[in-house]
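Asks: requesting a structural model of the entry that follows:
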Amino acid sequence: MKYEAVIGLEVHVQLRTASKMFTRVAAGYGQPENTLVDPVVLALPGALPVMNKEALDKIIKTGLILGCEIAAVCKWDRKNYFYPDSPKNYQISQYDQPICIGGAVEIELPGAARNIMGEHKKIPLTRIHLEEDVGKLNHGASDSLVDYNRAGTPLMEIVTDPALTSADEAYALLTSLRTALVQGGISDCDMEKGQMRCDANISIRPVGETKLGTKVELKNLNSISFVRDGIAHEIRRQLAVKESGGTIVQETRDFDGQTGASQSLRSKEMAHDYRYFPDPDLMPVKVDEAWKAALRATVSEHHFDRQRRFMADYLLPYTITSVLVPERELADFFEVTVKLGAAPQAAGNWIANDLLRELAAAKLSLTESKVQPAHIAGLVKLVESGVISNSIAKEVFVTMARSGELPDVIVERQGLKQSTDTGELEKWVAAAIADNPKAAAGFRSGNEKALNAIKGAVMKASGGKANPKLVDEITRKQLG
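Replies: Numbers count the residues shown, from 1 in each chain. Modelled structure (predicted):
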């Protein structure tokens, strides 16, 4: 019997806010243990929660980015469970009235080759709700210690429909979602810092069956690659159980990304196990049209829409757009360069290849770069006007990346302008033909590529300063 996988993801994302969800104490990472706490975080008697408006703004904006319906009214519920990471013994969350309903995440699957765009599809979402994060347990050899710095941080849970069919689709969804949220200013989505965490619900069923199989929840997926690896591992495990005549058990399993193995943690909880009930200390939230309109005005172009526009309007190849678009600042840098008059294709190549190479070598970020859009635009214009050759431009780029000087200043100071003196070029061409008789004979016999050996010799003799177009014309003329 052939089986197919059905996968749903629960993605927890910490919102980038100055303070925590229900108190003014700072939200942050990397501080000494248990310093970002106060009576509300520690659930001391008499401490009452107060909602964080910035967190509400950011989850509504997320819903607008992902095409969700924004609920007119949402409310707060207590999710009851007893665990050391939750000092209240309950978590303030949203159960039956979440703030965002529906929506979808557009994903791109791997193409047939790295330079070919893959299939795009939209994965529907069930809901997005807002809650508070819990503390972090640090397990030692003989004890476990809890750090409540993370507790109370605004946490958004994004729940997909059971609509994913492979580990690659899950990987693509998390990659696309992370790009959208980072570019939207919603979260930094750093999985190493716990700012983005994912649980996967995986089941298999016979091909053609519509009823969902018994699902297994996979936890401890602390990188996007581990999500892909863990799902692939769980699908294989469930297929092996079926093939051996066994039964899939509904449970929660822990996946170890280092070893590639999983183990059972506990039987899967149901919603009623948490005894949800409305939080008596928090009022429902009403979201009117004016609030949504104000946030909608701050939503920037979706990264896939921007990529399609770059390919259509600027005629950029997929290989360049796939480098520029995932980083909003880099795509903005490109568009500013084009507005300064640079040819789009040339600007895209300089930025995606040379600029990023130099920044990586110097271990600098784009904001630290000495090369600005005006530098790239100026360099492109110098090449296109024939002032310098492309090979000389490469040298100029390295110099301006290190000094921050404008390209025309470097060209003038170092005397790098191309030679357009036809008399001088004719001498170089004649010498090159004399030194390369086989190439000359080959070209005269119809071998067009043989011309390159002669032109290369001319460029070498001129120190790269000869105008390539004139060299080509003069060489063809002298070869008859």
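Asks: roughly how far is the longest helix seen in the chain from the heart of the chain?
Replies: Secondary structure of the chain per DSSP state H: the longest helix is helix 224-243. Relative to its chain's centre, helix 224-243 lies at 24 Å (Cα atoms, centre = their mean, to the nearest Å).
Asks: what residues of that helix count as buried?
Replies: Residues of helix 224-243 classed as buried: 224, 226-235, 237-238, 242 (neighbour count, 16 or more other Cβ atoms under 10 Å). Where you see a C-beta, it was placed from the backbone N, CA and C, and this is true even at glycine.
Asks: and which of those residues is nearest to Thr321?
Replies: Ile224 (21.0 Å; Cβ to Cβ).
Asks: wait, what's in contact with Asp96?
Replies: Asp77, Tyr276 (Cβ atoms under 8 Å, 6 or more residues apart in numbering).
Asks: just for the stretch 251-400 of the chain, where's the confidence low?
Replies: Applying pLDDT under 70 to the stretch 251-400 of the chain picks out residues 268-272.
Asks: quick one: the strands in it?
Replies: 251-256, 261-267, 277-278, 285-286 (DSSP state E, counting those that start in this stretch).
Asks: where does Gln91 land in three-state SS?
Replies: strand (DSSP: H, G, I helix; E, B strand; the rest coil).
Asks: so which of the strands of the stretch 251-400 of the chain gets nearest Tyr95?
Replies: strand 277-278 (8.5 Å).
Asks: chain center to that closest one, what's the gap?
Replies: Using Cα atoms, centre = their mean, the offset of strand 277-278 from its chain centre is 37 Å.
Asks: same check, this time on stretch 78-86
Replies: Distance of stretch 78-86 from its chain centroid, counting by Cα atoms, centre = their mean, is 33 Å.
Asks: now do the buried residues in it.
Replies: Quick answer for stretch 78-86 (16+ other Cβ under 10 Å): Arg78, Lys79, Asp85, Ser86.
Asks: ditto for stretch 84-101
Replies: Applying 16+ other Cβ under 10 Å to stretch 84-101 flags 85-88, 90-95, 97-101 as buried.
Asks: who are the contact partners of the nearest residue to Ser144 once chain neighbours are set aside?
Replies: Sequence neighbours aside, Leu137 is the residue nearest to Ser144 in space, at 5.4 Å (criterion: Cβ to Cβ, 6 or more residues apart in numbering). Contact analysis of Leu137 by Cβ under 8 Å, 6+ apart lists Pro84, Asp85, Ser144, Leu145, Val146.
Asks: how much space separates Leu137 from Tyr83?
Replies: 9 Å (Cβ to Cβ, to the nearest Å).
Asks: pull the contacting residues for the residue nearest to Arg253 when sequence neighbours are not counted.
Replies: Closest residue to Arg253 in three dimensions, ignoring its sequence neighbours and counting by Cβ to Cβ, 6+ apart: Ser262, at 4.6 Å. Listed by Cβ under 8 Å, 6+ apart, the contact set of Ser262 reads Leu218, Gly230, His233, Glu234, Arg237, Arg253, Asp254, Phe255, Asp256.
Asks: and the closest residue to Leu479 other than its chain neighbours, what pLDDT?
Replies: Nearest non-adjacent residue to Leu479, counting by Cβ to Cβ, 6+ apart: Phe443, 5.6 Å away. Per-residue confidence (pLDDT) for Phe443: 83.
Asks: contact partners for the most centrally placed residue in the chain?
Replies: Centroid-nearest residue in the chain: Thr179, 3.6 Å away (criterion: Cα atoms, centre = their mean). Thr179 sits next to His303, Pro326 when contact means Cβ under 8 Å, 6+ apart.
Asks: how does it look with 10 Å?
Replies: For Thr179, the contact set (Cβ atoms under 10 Å, 6 or more residues apart in numbering) comprises Cys189, His302, His303, Phe304, Val325, Pro326, Glu327, Arg328.
Asks: SS state for it?
Replies: Per three-state DSSP, Thr179 ends up helix.
Asks: try Leu44
Replies: coil.
Asks: which phi and psi does it have?
Replies: For Leu44, the backbone dihedrals are phi -70, psi 150 (criterion: degrees, to the nearest 10).
Asks: surely it and Asp38 touch.
Replies: Yes: here Leu44 reaches Asp38: they are 8.6 Å apart, a contact under Cβ atoms under 10 Å.
Asks: can you give me the domain boundaries for this structure?
Replies: Using automatic domain parsing, the domain ranges for the chain come out as 3-294, 303-414, 422-478.
Asks: thinking again about what came up before, pick the one among the buried residues of helix 224-243 closest to Leu295.
Replies: Ile224 (27.4 Å).
Asks: and the residue nearest to that closest one when sequence neighbours are not counted, how far is that from Met117?
Replies: Of all residues not flanking Ile224 in the chain, Leu174 sits nearest, at 4.8 Å (Cβ to Cβ, 6+ apart). Distance, Leu174 to Met117, by Cβ to Cβ: 19 Å.
Asks: do the same with Ala297
Replies: From Ala297 to Met117 the distance is 31 Å (Cβ to Cβ).
Asks: between those two, tell me which one has more neighbours.
Replies: The residue with more neighbours, out of Ala297 and Met117, is Met117; 17 against 8, by other Cβ atoms under 10 Å.
Asks: circling back: okay if I get the contacts of Leu137 as a markdown table plus secondary structure, distance to Val25 and pLDDT?
Replies: Below are these laid out as a markdown table (DSSP: H, G, I helix; E, B strand; the rest coil; distance: Cβ to Cβ, whole Å; pLDDT from 0 to 100):
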| residue | secondary structure | distance to Val25 | pLDDT |
| --- | --- | --- | --- |
| Pro84 | coil | 20 | 92 |
| Asp85 | coil | 17 | 93 |
| Ser144 | strand | 24 | 92 |
| Leu145 | strand | 20 | 95 |
| Val146 | strand | 17 | 95 |
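Asks: between those, which is closest to Lys339?
Replies: Using Cβ to Cβ, Asp85 is the member of these that sits closest to Lys339, with 50.0 Å.
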